[in-house]
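**Q** coords below, sequence missing:
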């Protein structure tokens, strides 16, 4: 019996922020002295100089908030910069000094800006980042009931749950394969729901004096756990475990550090941003990068759970590769990867076409959700149309795609939406190629 996975809507449904999520066990304390700081003092000094150059003037308290550093750390670096006569005090309130750059300070800041223009939150060290990733590797306590709840807006069989459940517990990488339109992507993006905690992600990571921007609001979903990081290090952001999807746009360069020549700041590669979560390679085999090149790039990381990145001047360093990579494809696995690579992806789950009663059920649910009027027997008629035109297979995407076409037809003709046999045939003839003209007549 084929595994069936039918989804009620093709729209990607992601987790929303959960204010009750607990952190995954990693809670770094804020450094209050230069000795406790995990990055060189020179990195903090450069950040302060660049920030002052951009703002014109500031004070210790404001710089501490901008750089996510404690008052005492900023005060210590301020005193040393003042001794070097690159800062000029313009006022004070208690221990909070207001100051600006001297002429010598502006010259120094301009030289530092030519190296890097980064003046955001202070980075954490590579060592701290590595420790954080290793401390936040998910420990999934999963049962079929919990998995069913996570996939509650999909219709899945017990057979499918039994196949994918052990994969999620082991957090091993996964191939979801089978004909297009049966929910592989919908399944993959919902796997994030099995995680009941949040993690800490640093704004940036420092290595060899270079800044690697890591936190990305475009892919990282920030959460408010009620008290932020408490007394923790504000250089870290509480986020949901990431679930990042890439498709045909994936290029080999996205897997490496990318240096912005103008700012001098490195952008973290996509797999580094996905650490402690999920990376979905959607439509695998249709990327700009060839499957062979992509798989060769990841043979070592998938096997040893570490990756190697290279700074522009040739220095290589190790970072954790602590993520679950999900490959979703409708192509033949044997044509995409060789035996050596397929052995490293131990879990392969087939997502196939649906059976007639499930097809009718999803049609009925969609009609109910959209509050549409439907002629009796519409589901059966659509099923007949799809079997005739769809190579004898019923795919989960057919009902929503056909109904959306009918809604558009009704809007164009300025009439209420009603599911009729005639409209189903008209929409199906627009959706499929060939075969339908004879059936419709």
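**A** Happy to help now that I have it. Note that this is a predicted model, so its numbers are computed, not measured. Numbering: from 1, shown residues only.
**Q** who does the helix or strand encompassing residue 212 pair up with?
**A** Taking DSSP states H and E as the definition, residue 212 sits inside strand 210-213. Here strand 210-213 is paired, per DSSP bridges, with strand 204-207 (antiparallel), strand 265-267 (parallel).
**Q** Tell me which of these is the most buried.
**A** strand 204-207 (a mean of 22; mean count of other C-beta atoms under 10 Å). C-beta here means a position set from N, CA and C on the backbone, and glycine is covered the same way.
**Q** average pLDDT for that one?
**A** Average pLDDT, strand 204-207: 98.
**Q** what's in contact with that strand?
**A** Strand 204-207 is contacted from outside by 39-40, 43, 118, 120-126, 129, 211-215, 268, 311, 317, using C-beta atoms under 8 Å, 6 or more residues apart in numbering.
**Q** I'd like to know which of those are buried.
**A** 39, 43, 118, 120-126, 129, 211-215, 268, 311 (16 or more other C-beta atoms under 10 Å).
**Q** Residue 325 bridge partners, please.
**A** Counting by DSSP bridges, residue 325 forms beta bridges with residue 279.
**Q** I'd like the strands paired with strand 210-213 as JSON lines, with distance to residue 299 appended.
**A** JSON lines is the format used below for these (distance: least, C-beta to C-beta, whole Å):
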{"stretch": "strand 204-207", "distance to residue 299": "24"}
{"stretch": "strand 265-267", "distance to residue 299": "24"}
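**Q** circling back to that earlier point, could you give me the buried positions within the helix or strand that the strand holding residue 212 is followed by?
**A** Once the chain leaves strand 210-213, the next helix or strand it forms, by DSSP H and E, is strand 236-240. Buried residues in strand 236-240, counted by 16+ other C-beta under 10 Å: 236-240.
**Q** Next: stretch 213-222.
**A** The neighbour-count check on stretch 213-222 (16+ other C-beta under 10 Å) flags 213-216, 219-221 as buried.
**Q** Out of those residues, which is nearest to residue 433?
**A** Minimum distance to residue 433 across the buried residues of stretch 213-222 is 36.2 Å, recorded for residue 219 (C-beta to C-beta).
**Q** just the strands in the stretch 301-441 of the chain please.
**A** 306-310, 316-320, 324-329, 347-350, 373-374, 418-419 (DSSP state E, counting those that start in this stretch).
**Q** counting contacts, what elements does whatever helix or strand residue 300 lives in pack onto?
**A** Following DSSP H and E, one finds residue 300 within helix 291-304. Packing contacts for helix 291-304, counted by 3 or more C-beta pairs under 8 Å, 6 or more residues apart in numbering; DSSP states H and E, involve strand 306-310, helix 339-344.
**Q** okay, now the domains of this structure?
**A** Using automatic domain parsing, the domain parsing of the chain gives 5-27+129-350, 41-120, 356-440.
**Q** Any chance of the ones you listed in a markdown table with distance to residue 34 as columns?
**A** What follows is the domains of the chain, written out as a markdown table (distance: least, C-beta to C-beta, whole Å):
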| stretch | distance to residue 34 |
| --- | --- |
| domain 5-27+129-350 | 15 |
| domain 41-120 | 5 |
| domain 356-440 | 58 |
